[in-house]
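> Got a sequence here, can you build the structure:
(one chain, ligands or ions: 1)
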Amino acid sequence: MGAETQTTDSRTDGAGARDTLSVTDNRTGRTYELPIVDGTVRGLDLRQIKVSDDDFGLMSYDPGYANVASCRSAVTYLDGEAGILQYRGYPIEQLAERSTYLEVAYLLIHGELPTTVQLEEWRHEITIHTFVHENVKDFMQGFWHDAHPMGMLLGSVGALSTFYPDANEIGDPENRYMQTIRLIAKMPTLAAFAFRHIKGQPYVYPDNDLNYAGNFLSLMYKMTELKYEPDPRLERALDVLFILHADHEQNCSTSAVRGVGSSRVDPYSAVAAGVAALYGPLHGGANEAVLRMLKRIERKENIPDFLKGVEEGKERLMGFGHRVYKNFDPRATIIKAAAEDVFEVTGARNPLLDVALELEKIALGDEYFIAHKLYPNVDFYSGLIYEALGLPVEMFPVMFAIGRTSGWIANWLEQVQDPEQRIARPRQIYTGDRDREYVAIEQRG
Ligand code: ACO
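Residues are numbered from 1 along each chain as shown. Model (predicted):
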């Protein structure tokens, strides 16, 4: 078959260069010209590449979506090679230093930093929606005393959809806004109820006089005192952690929110999918896994043996490595400094911090980690802070989920208003048998 060119589109610049990709299918000798837009080719443009008329057409195979852009997004910019993270264009370092979590949540949702009046309105709206229906306490009670709080959060945030059945009217902007407020406001309440449940302590109601992080500390730790007064330094450290976790473009949990949200389900169900994805040890569960790992290593002297196990493929150094960051994770740098601040307040310096620091030092100079471009990620130090705040390890991914809620919703809002988005439905390469004849049970070997 002779070579032929099928041009679907082409744009030329003054020098005659075209924003297209020429692909020759060596099975047929045909050449195709595919448009390149925003540094991508359309997956569906490959479909025209066929060996025969009844051929389905070429697909791309990419387990783990390592090189697939699934959406256009204006929420978070990430350059993994340069270690840059920006929310709506603002560098994470500036936001962590100068902003608050609620302001960052506003920024992620609305796209702009708020004015004083807008911020006050936003803060007020979130604050007056922190309570949950009394029945939530009842079903929380149904969990076993040793239930994982992330499982409780996953179940209870999904259950909120039953309290707000109109939340499925996702085409209505006012309705979407109401659920946005509710989700950001109620997540800390659900998380703290889960914590109280595993501790066997009574649930505490939100304190609307406190700020977002202060209220969360009160929900968690208030006992018999009439008014819980959070330490402003811990409040600030927690707020910074929420800011750092607020969004991270198309990570596993955000993709889960978008994937499930693409079916046009209500946002509580979509966010429950995000919590589920975050639960896993390769994602938000990594902070929990890091602390368990540090406890297992126990002393600096045990580090070389542990790292040998990693290099031999018997272990994984949790809190290291990232699909996107290949030089450093800017969030890890900020968290490392915040950990020192928290230890100053809580007094006792966690000896595991020294193990972590030494582990980082040795790993960063080790050939295996250099060759694999493995650096500490956001979760390497966050667990140590959470532990200093008196949280059990099971609560670590829950803390992550509180911060990430604003990012999940910002992505969900963007998706439901994006005319290009369709239901998420990847293809597969079928590897099983075909056309088998049903065998009666008595005739099966
Ligand atoms: N320890 C040891 N080796 C590692 C690690 C690690 N933490 N991470 C990656 N590698 C190695 C892999 O074994 C693989 O080696 P090979 O090429 O010789 O087979 C290579 O580096 C590439 O690793 P992948 O797993 O293919 O990288 P991927 O991009 O798929 O995974 C991930 C990224 C999941 C974050 C991985 O680095 C990991 O498991 N890290 C530990 C868990 C963790 O800290 N997760 C939190 C991530 S941050 C977040 O979600 C908030």
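
> Chain neighbours aside, what residue packs nearest to Asp62?
The shortest distance from Asp62 to any non-neighbouring residue, by Cβ to Cβ, 6 or more residues apart in numbering, is to Val68 (5.4 Å). Every residue, glycine included, has its C-beta placed from N, CA and C.

> Pretty sure the one you found sits against Gly43.
Yes - counting by Cβ atoms under 8 Å, Val68 does reach Gly43; the two are 7.5 Å apart.

> what's around the closest residue to the ligand within the chain, how many residues?
Closest to the ligand within the chain is Gly321: 2.3 Å, counting by Cβ to the nearest ligand atom. By the measure other Cβ atoms under 10 Å, the count of residues near Gly321 is 19.

> let's have the chain start at 468 instead
Happy to do that; since the first residue is 468 now, the last one works out to Gly788.

> How about it, nearest residue that isn't a chain neighbour?
Once flanking residues are discounted, Gly788 sits nearest to Leu841: 4.5 Å by Cβ to Cβ, 6+ apart.

> Please apply the same query to Met760.
Closest residue to Met760 apart from its sequence neighbours, by Cβ to Cβ, 6+ apart: Met785 at 4.9 Å.

> do Val883 as well
The nearest residue in space to Val883 (Cβ to Cβ, 6+ apart) is Ile637, at 5.4 Å.

> re the thing from before, for the residue of the chain closest to the ligand, report the pLDDT, please.
For Gly788, the model assigns a pLDDT of 91.

> you'd agree it is up against Val845?
No - the criterion here is Cβ under 8 Å, and Gly788 misses it with Val845 at 11.7 Å.

> Which neighbours do Val535 and Gly510 have in common?
Ser527 (Cβ atoms under 8 Å, 6 or more residues apart in numbering).

> who's more crowded, the two?
Neighbour totals were compared for Val535 and Gly510, and Gly510 leads with 16 against 13 (other Cβ under 10 Å).

> ok, that one - contacts?
Gly510 neighbours (Cβ under 8 Å, 6+ apart): 526-527, 535.

> Of the residues you listed, which are in range of the ligand?
Cross-checking the contacts of Gly510 against the ligand (Cβ under 6 Å from any ligand atom) gives no overlapping residues.

> will you turn the residues you listed into a markdown table that also has secondary structure and pLDDT?
Formatted as a markdown table, these follow (DSSP: H, G, I helix; E, B strand; the rest coil; pLDDT from 0 to 100):
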| residue | secondary structure | pLDDT |
| --- | --- | --- |
| Met526 | coil | 97 |
| Ser527 | coil | 96 |
| Val535 | coil | 95 |
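
> ok, these vs Glu716, which is closest?
The nearest member of the contacts of Gly510 to Glu716, counting by Cβ to Cβ, is Val535 at 13.0 Å.

> Look up how far Thr507 lies from the closest one.
9 Å (Cβ to Cβ, to the nearest Å).

> quick one on the thing from earlier: in contact with the residue nearest to Val883, which residues?
Ile637 touches 643, 731, 733-734, 883, counting by Cβ under 8 Å, 6+ apart.

> same deal with Thr647?
Contacts of Thr647 (Cβ under 8 Å, 6+ apart): 576, 734, 876, 880.

> ok, residues contacting stretch 679-693?
So stretch 679-693 is contacted by 567-569, 593-594, 597, 655-656, 658-660, 662-663, 668, 671, 673-675, 677, 695, 697, 701-703, 705-706, 709, 857-858, 869 (Cβ under 8 Å, 6+ apart).

> circling back: helices - which of the contacts of Thr647 land there?
The helices, defined by DSSP state H, take in 576, 734, 876, 880 from the contacts of Thr647.

> re earlier: thought the residue nearest to Gly788 was touching Arg790?
No - Leu841 lies out of contact with Arg790 (Cβ under 8 Å); the separation is 11.6 Å.

> Give me the more crowded residue out of these two.
In this view Leu841 and Arg790 are compared by other Cβ under 10 Å, and Leu841 has more residues nearby, 19 against 13.

> if we can go back for a sec, format the contacts of Gly510 as a markdown table; extra columns: distance to Tyr905.
Below are the contacts of Gly510 laid out as a markdown table (distance: Cβ to Cβ, whole Å):
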| residue | distance to Tyr905 |
| --- | --- |
| Met526 | 30 |
| Ser527 | 35 |
| Val535 | 38 |
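
> for the ligand, what are the nearby residues on the chain?
Counting by Cβ under 6 Å from any ligand atom, the chain comes close to the ligand at 531, 749-751, 753, 777, 783-790, 839, 841, 844-846.

> The same query, at a cut-off of 5 Å, please.
749-750, 753, 777, 783-788, 790, 839, 844, 846 (Cβ under 5 Å from any ligand atom).

> which among those end up buried?
Buried members of the residues of the chain next to the ligand, scored by 16 or more other Cβ atoms under 10 Å, are 750, 753, 777, 784-788, 844, 846.

> residues touching the residue lying closest to Val845 once chain neighbours are set aside, list them.
Using Cβ to Cβ, 6+ apart and skipping the chain neighbours, the partner closest in space to Val845 is Arg798 (4.0 Å). If a contact means Cβ under 8 Å, 6+ apart, then Arg798 has 552, 559, 711-712, 844-845 as its contacts.

> For those, name the two members farthest from one another.
Checking the contacts of Arg798 with Cβ to Cβ, the most distant pair is Ile559 and Asn844, at 13.5 Å.

> what comes up buried for the lengthiest helix in the chain?
Assignment by DSSP H gives helix 640-666 as the longest helix of the chain. Of the residues in helix 640-666, 642-643, 645-665 count as buried by neighbour count, 16+ other Cβ under 10 Å.

> now stretch 826-833
Buried, per 16+ other Cβ under 10 Å, within stretch 826-833: 826-827, 830, 833.

> domain parsing for the protein?
The record's domain parsing of the chain by automatic domain parsing lists 470-528, 540-884.

> And the ones you listed: which comes nearest Ala907?
domain 470-528 (33.7 Å).

> picking up where we left off before, kindly reformat the residues of the chain next to the ligand as CSV containing distance to Asp521 and secondary structure.
Putting these into CSV (distance: Cβ to Cβ, whole Å; DSSP: H, G, I helix; E, B strand; the rest coil) gives the following:
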residue, distance to Asp521, secondary structure
Leu749, 40, coil
His750, 41, coil
Ala753, 47, helix
Val777, 50, helix
Arg783, 45, coil
Leu784, 50, coil
Met785, 49, coil
Gly786, 51, coil
Phe787, 48, strand
Gly788, 44, coil
Arg790, 38, coil
His839, 44, coil
Asn844, 47, coil
Asp846, 49, helix
